[in-house]
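> take a look and give me a structure for this.
(3 chains)
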Amino acid sequence: MAIAARREGAQDGLLGGLRRIFGSQEMVLLLSIVALLVVVGAINPRYLAERNLQSMFLGNAYIAVAAIGMSMVIISGNIDISVGSLIGVLATLSGTLAVSGYPIIVCWLAPLVVGALVTGLMGFLVAYLRIPSIVVTLGMLSILKGGLISVTAGAWITDLPQGYALAQMRPLSIPMPVWFMVVLTAAAALWMRYSAFGRAIYAVGGNAEAARLSGISRRRTIMTVFVIHGVFVGIASVLFATQLSVIQSTVPPNLELTIITASVVGGVSILGGTGTVIGSTLAAILLAAIGSSLIFVNISPYWLRAVQGVLILATVLADLMRRRRQARS
Amino acid sequence: MATPSRAAPAGRVPYLIGHEIVLAAILLISLLVLSTQTDRFLTTGNLLNQGRLMAEVGLVALPMTFIIITAGIDLSVGSIMGLCAILLGYSWQNFGLPLELAIVLALVTGALAGAVNGWFITRIGVPPLIMTLATLALYRGLAEGISQARSVRGYPEWFFVLGQGEVLGVPTQLWIFLACAVVAAIVLGMSTFGRATYATGANIVAARFSGIPVDRTVLLIYTASGLIAGLAAIIFVSRVSTTRSDMGTGLELDVITAVVLGGTSIFGGRGTIIGTLLGLILMQALKNGLALAGVKGDGTIVVIGLILIATIIISNLVRRDTDG
Amino acid sequence: MIRTSLLAAVALTVLTGTAWAETWTGGDDLPTNPLACDATAAAAAAKPYDGAEPTGAPDRKGKKITVVDVPKLIGIGYFNATSKGIADAAAELGNVDAKTDGPTKANIDEQITFIDNYITSGVDGILFAANDPVAIAPVLKKALSKGINVVGYDANSTPDARQWFVNQAEFNGIAKALVDNMAKEIGEDGAFAIVTSTFTTPNQARWIAEMGAYAEKCHPNMKWLETVEAQEDNVLSFNQANTLISKYGDELKGLFGMTSVATPASAEAVTQAGKCGSIAVVGLATPNAMKPYVEKDCVKSVVLWNPVDLGYAAMHVLRAVADGDLKPGATSVKAGKLGELQVINGSEILLGAPYTFTKENIGGFDF
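Numbering: from 1, shown residues only, chains lettered A, B, ... in the order given. Below is the predicted model:
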């Protein structure tokens, strides 16, 4: 049971520090990404072309952003399987505001606010009414999805105004979503590690009793985690909505599974209490790279899904092996 | 999620009676309201038909109850169903196996798929969520790969009795489902295996120290889940007279909703088959009754989501219980 | 133990990676019937009526009927359009109460449940677009046995499960239009890739198979590179198209979009990659979704039929069937403002030839 204290770790010198870094899931993921790039790049050099790398990161950055919030939720000992539906709803909201003539900044910020409200409601049910998060989010998934279709019937949102496409901007020639992904991950990682609240999240997820004894309010922590998660989901939905010049106002299929997979492959333990957001971002990148690489190496398209499943399993097993070895030493 | 909930008193159906009563009340109210909206809802023909339609979800919900009681989860049931359906068709058509043998093969595959889940979860220690998330993709992928996106059709007539036929006026699969439900209820509520299940979910460490064969229990439960998913696959193929590799997509959510609605705690240690059955009936009643009352599909899923949350809230408030 | 599992996993990965399909991936294995390479129209084969009849259908002539339309899924532009057509026809007829209801994803399990519920609720007529032709048959037959009129459109069921099927265009006709358009844009030896929904979607699989057969017959030097799946999701189609563009670089000259979602997404990918004009995008799509790309000259032509007309025709056919005006053996049927539509293949009603939207005419449509 990982309690916040373990993460501080005894700084036994440079070697200990290095061993800690290299023994981490994050390093395993990073090495896997590099290995994948090298191997697939050797098979088909176009894989390493700037264009491909950019579009790979660009197209999936929103998943990494959403995974940040999801990781926090999972670390606190909960889960949110309604995130796909929520992204669909918020993306549609943003687009609808945009074509209705609201200022662009409002269209970008509204999803954050609404997202936080919705997840805040979910957090309230989880934290204060003690409904298990899987129940709340399972119910919310249906409510959001059904609600979205009732209202929009899946209509395309077209004629988006100029300047709205946040995800298509390229400050300093780096796609905006990549900026968001990197900056938000770094900020969240630092915050989770060094702030009192960040440590409270780990505590609540890892050992609720110890957390309570330390004076941490479980209810307030969980509620706040959900609200923060909602903000991240809102950001992700804007990135998602602005990728193309039309918005399909539907719920993207299987999005929640992808986000959860990114978090757990990233080392966030489903039992709560361990994992980092850096891990989940790296995992999101790795999953995107795997998906793209399978097309590059001409894996038979009928077997694509199977291979993906195997690779996910392999990554998880590698992580387990690593933890076992660490526990033994 | 890490806080263990109170251990179930050995041998007795745990103090879930409270939740079942609440659920039964909600079910009754729903049935009443729905029957006033349309007179085609509470007819024997319709009810039997609904029984036929819910057999697949119902069957898979039985072992899922066991799984969730052990504080685990199985997200791969839908994919196992697809895989077994494909193997049923593929082995019959491409390998020329007699259909009876193909059916057995499909069941064996389901059991094997479940066993693989169970083995990795018990021996290797992969958390159930992650393992079954990976096999969700893997098994579905195997189904797609083996079938090469072809569907299999042209089954013999006798095969359709299973999914489309009746025995003594009751749909065939409903008989099967009821039989399995009775067996599941007996095993869970009155056998050592059932007690071991509760103990594992309540406090796995204590269970191990008590000499309960935790690993074997969990392994058997996941194997059963796969096996039943295979059975559900066969019934479904018989009902629609074709196999496709995308069969069973989304099954896991319906099943988990029914089980959770029935009062089984996601933290483990609590849950009953009766609760799951009530949850199943409530969900099916809503889907059917609302549709008959003129509510469209999107409205129906909103209502189901609301009732799911509302039921648990009411149940918690009424019983003044906490989930650990 | 973990190590062996890992090794097994990697080995499995390597082994499966070597399988390769010979015909175009994504096509089905039913017999193909490519059209002539020039503009000769296909001879319409006269077949005896092979649809089914409802048992004990009450006399509905002139009376008000309730009709439900259960498309493959709701929530995408294409079926919004067909739904509109059905509603337009119902309003025009005046004695039809029609509504559209269906699953939120293209799933046979759910579609069957929807139809089943409506059978129980006692509708007079069912319009459908099937997710799977064989799987939907049992529940449609059940509808027929209860005296309900059943007419399909867009995606057929087995003929013995419905009375009539309104076909938007023949599979080989669509294949010819698509491939000819692509050949015109990228030349006789251009290379192209295909973005489809899933390999198991019956219509798409038929089209791809027919496209393959037609290309082999009439444009044998065109090179098929790859087919990728993108479900009915916009962003996924976009990402897949991007990956294809990255993978093949300059070799890729054209992209086929097989769904009304894949085509605009592919066009978007081509636009964002700055390859308008060097990669052609040809596909099936609704005009509204494609207007921005057609106006920018990124996409030259969009092939489709008019889905609003398709729904409109289907509703008229159902009314005619319910009234007893359209009987087995008929050779044509009057469908409101569309005029007389031909009966082909025994129990199919042809909407017409596929329609090509171009920069000149796309402004006149709003769906």
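
> near the residue lying closest to A:Q168 once chain neighbours are set aside, how many other residues are there?
Leaving aside its sequence neighbours, A:Q168 sits nearest to A:T242 (C-beta to C-beta, 6 or more residues apart in numbering or on different chains; 6.4 Å). The way it works is simple: take the backbone N, C-alpha and C, and place the C-beta from them, glycine included. For A:T242, the count of nearby residues is 25 (other C-beta atoms under 10 Å in any protein chain shown).

> list the contacts of A:T242.
A:94, A:160, A:164-168 (C-beta atoms under 8 Å, 6 or more residues apart in numbering or on different chains).

> mind redoing it with 7 Å?
Contacts of A:T242 were listed using C-beta atoms under 7 Å, 6 or more residues apart in numbering or on different chains, and they are A:164-168.

> same check, this time on A:V40
By C-beta under 7 Å, 6+ apart, the contact list for A:V40 reads A:47, A:293, A:296-297.

> the residues you listed also near chain C: which ones?
Restricting the contacts of A:V40 to those near chain C by C-beta under 7 Å from any C-beta of the partner chain leaves A:296-297.

> the contacts of A:V40 in helices, which ones?
A:293, A:296 (DSSP state H).

> about what we covered before: the contacts of A:T242, buried ones only, as a PyMOL selection?
Applying 16 or more other C-beta atoms under 10 Å in any protein chain shown to the contacts of A:T242 leaves a buried subset, and the PyMOL line that selects it is:
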select buried, chain A and resi 164+165+166+167
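
> quick check: A:G275 is in a strand.
No - the assignment for A:G275 by DSSP: H, G, I helix; E, B strand; the rest coil gives coil, which leaves it out of any strand.

> that one: neighbour count?
Residues near A:G275, counting by other C-beta under 10 Å: 26.

> so how far is A:R323 from it?
12 Å (C-beta to C-beta, to the nearest Å).

> also B:A181?
Separation of B:A181 from A:R323 (C-beta to C-beta) stands at 40 Å.

> which one's more surrounded, the two?
Counted by other C-beta under 10 Å, B:A181 and A:R323 do not tie: B:A181 has more neighbours, with 19 against 16.

> and the contacts of the helix or strand encompassing that one?
Using DSSP states H and E, B:A181 maps to helix B:172-190. Outside of helix B:172-190, the residues within contact range by C-beta under 7 Å, 6+ apart are B:13, B:51-52, B:55, B:58-59, B:62, B:66, B:161-163, B:165-167, B:193-194, B:197, B:235, B:272-274, B:277.

> which SSE is immediately downstream of it?
helix B:192-202.

> straight-line length of stretch B:115-132, end to end?
One end of stretch B:115-132 to the other measures 12 Å (C-alpha to C-alpha, to the nearest Å).

> that older thread, which parts of the helix holding B:A181 are buried?
Result for helix B:172-190 [16+ other C-beta under 10 Å]: buried residues B:172-174, B:176-177, B:180-181, B:184-185, B:187-189.

> same question, stretch B:101-120
Buried residues in stretch B:101-120 (16+ other C-beta under 10 Å): B:102-107, B:109-120.

> do stretch C:179-198 as well
So for stretch C:179-198, counting by 16+ other C-beta under 10 Å, buried means C:179-183, C:185-186, C:190-198.

> wait, B:E252 sits on B:I73?
No - counting by C-beta atoms under 7 Å, B:E252 does not reach B:I73; the two are 8.7 Å apart.

> mind listing what's buried in stretch B:124-135?
For stretch B:124-135, using 16+ other C-beta under 10 Å, the buried residues are B:124, B:126-135.

> what residues does the stretch 201-350 of chain C put near chain A?
By C-beta under 7 Å from any C-beta, the residues of the stretch 201-350 of chain C that approach chain A are C:227-229, C:231, C:233-235, C:238-239, C:242-243, C:246-247, C:249, C:261, C:264-265, C:268, C:272, C:288-289, C:292.

> of these, keep whichever come out buried.
Applying 16+ other C-beta under 10 Å to these flags C:227-229, C:231, C:233-235, C:238-239, C:242-243, C:246-247, C:261, C:264-265, C:268, C:272, C:288-289, C:292 as buried.

> these in helices, which ones?
C:234-235, C:238-239, C:242-243, C:246-247, C:264-265, C:268, C:272, C:288-289, C:292.

> of all these, which two lie farthest apart?
Comparing every pair within these by C-beta to C-beta identifies C:K247 and C:N288 as the most remote, at 30.1 Å.

> no further queries at this time; thank you.
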